[in-house]
Every structure is written in C-alpha cells, then in structure tokens.
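**Q** need a 3D model of the sequence below.
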Amino acid sequence: MDRRTFLAKSASFLMGGLLASRIPVSAGIFSPVAHPSRIALIIDDIGFNLRRAELFLEADIPITFSVLPRVCWSVESAMALHARGHEIMLHQPMEPFDAEVDPGPGAIFVDDRPECIHQVVAENIATLPHVVGVNNHMGSRYTQQPKKMGQALDVVRNRGLFFVDSMTTGHSTAYTCARQMGVSSKRRDLFLDTQQDVSSVIRQMKRLQHRARKHGNAIGIGHPRPETAEGIMRFLETPESRDVTFVYISQML
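**A** Numbering: from 1, shown residues only. As a prediction, this is how the structure comes out:
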C-alpha cells in the first residue's frame, strides 16, 4: 500500500469513527468544549463601615454584597457598591437560638405575628436601593420554622427577588421552603472566614474551587474583614483560581 492510499484510508477510518460516536467533527478532536466551574462570593454584614467593604473592590471580580438594614451606612453602602457594578442583597436579620444575641434592627422573630413579619421585611427591602435578593443574617432558630420562613418568603416572592439560605444551622428549612414556594433560591456551600486569618481564607477558597469543579457551582460567604479580602486576593494569584469563573449569585439562578 503506498503512502497516499494509507493516508486516505486512515482519514476515512477516523471520520467514520467520529460519525459513529456522534461527536461533531466541527468540535475538534483535541479541543473539547469547556464547561467552566463557577464561584459566587457573598460578603455579608455590610452597612457598618463602607471602607471595609471597599477593600473587596481591589479583587476586581464579581461580588454580591449583602447589606444589613437600618444601620449607619446601609443606604450609602448599597449605593456606592452598586455604582461600582456589584450586586446588592438585603441581609435580613432573623432570630438566633441564643436569646442573648441581638440580631440587630429590622429583625424578625418566631413569635412575631405574620402581618408584623410582612411589614418588617417589606420595609427593610424598601429602605435599601438596588436590592435584587435576600439572605438571612443569623436565624438559627427562625430558619428551622417552615411556617415562619413562609411568611418572610411571601414578601421576597411578591417583590420578585431571589433568596439565598446562609445555612447558619444544618437544620434550616429556608432553602426547601423557598423552592416549594417558587422563589428562585440557592444555599451557601462554605463560610470563608470562620477562622479569621488569611491562610485559612485561602484554604477555604481552594475548597470552594474544588467544590465548584465537582458540582459546577459553589457559593462562599465571607465578612468585611481585611483578612478575608486579602485571602481572596491571594487565592486569585494561585493556579487554582484559573480553573473557575467568578459570577454574581443572580447568574446562578
């Protein structure tokens, strides 16, 4: 068999194999279509110190900032961070198990009447500009009560917002309730800064990256601390960061 005949038969065999396996020839043999893993970062507890929030802008990636209602810099923070192109959520305070811990102004409690819960959540949303979603602040007691979660989520649904379960307890019913009510919803995968040091934040970011590669999406929640901001930016310098795409929470819904 001469060289020309050999090459022709080899090409014919290769094409037949591709067609038989239903792989589009145009996709390329050595260039499979990439499906990038995605990470969404939420920075909670915004509203007390705008400068702390602005530390995260240096990362130059999409970040969703969750703003506490009715504190000194709530409105100004929401406006300033939105003006820089970032996504804004309401960080809705909810009752924790520890009665000695104050969840802050604008909180809702298990013993509140439904109409009171509706009013408080609606007012919190109305006071913050550019809100597109809600997640819970504290709420280890409140989020375990499906009926009470339904009352809070009524307002979220009626305003056309999404909800993220912060998972402050492993027994939270918030995500399940939201799904059952037809509210666009997600739940966080990891807290970034339970240990408040840079190296711990970097480790958590790598765990988040691993989870995103495994499941396609991953959500991390951090807080406005210098160590958290530095840890995120240090992670962005690692090879692992090149394997993920950062997005806003709304882009996962």
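**Q** so what's the residue lying closest to Phe109 once chain neighbours are set aside up against?
**A** The spatially closest residue to Phe109, leaving aside those adjacent along the chain, is Glu95, at 4.4 Å (Cβ to Cβ, 6 or more residues apart in numbering). (C-beta placed from N, C-alpha, C; glycine too.) Contacts for Glu95 (Cβ atoms under 8 Å, 6 or more residues apart in numbering) come out as Pro103, Ala107, Ile108, Phe109, Val110, Met138, Gly139, Arg141, Tyr142.
**Q** tell me the spacing between Glu95 and Ile43.
**A** Distance from Glu95 to Ile43, counting by Cβ to Cβ, to the nearest Å: 23 Å.
**Q** ok, Val244 touching Ser37?
**A** Yes: with contact defined as Cβ atoms under 8 Å, Val244 reaches Ser37; the gap is 4.8 Å.
**Q** can you redo the contacts of Glu95 as TSV with pLDDT, distance to Ser250 and neighbour count?
**A** Below are the contacts of Glu95 laid out as TSV (pLDDT from 0 to 100; distance: Cβ to Cβ, whole Å; neighbours: other Cβ atoms under 10 Å):
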residue	pLDDT	distance to Ser250	neighbour count
Pro103	98	25	21
Ala107	98	25	22
Ile108	98	24	24
Phe109	98	29	15
Val110	98	29	14
Met138	98	23	23
Gly139	98	22	30
Arg141	98	28	20
Tyr142	98	24	29
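**Q** so which of the residues you listed belong to strands?
**A** Met138 (DSSP state E).
**Q** can you tell me which of the contacts of Glu95 is nearest Arg159?
**A** Ile108 (15.4 Å; Cβ to Cβ).
**Q** Ala99: neighbour count?
**A** The criterion is other Cβ atoms under 10 Å. On that basis, Ala99 has 8 neighbouring residues.
**Q** is it true that Leu128 touches Ala78?
**A** Yes: counting by Cβ under 8 Å, Leu128 does reach Ala78; the two are 5.1 Å apart.
**Q** overlap of the contact sets of the two?
**A** Taking Cβ under 8 Å, 6+ apart as the criterion, Leu128 and Ala78 both touch Val67, Ile88.
**Q** ok, so of the contacts of Glu95, who is nearest Gly160?
**A** Nearest to Gly160 among the contacts of Glu95, with distances taken as Cβ to Cβ, is Ile108, at 20.0 Å.
**Q** mind listing the helices for the protein?
**A** 3-20, 50-54, 74-83, 114-127, 146-158, 174-180, 198-215, 226-235 (DSSP state H).
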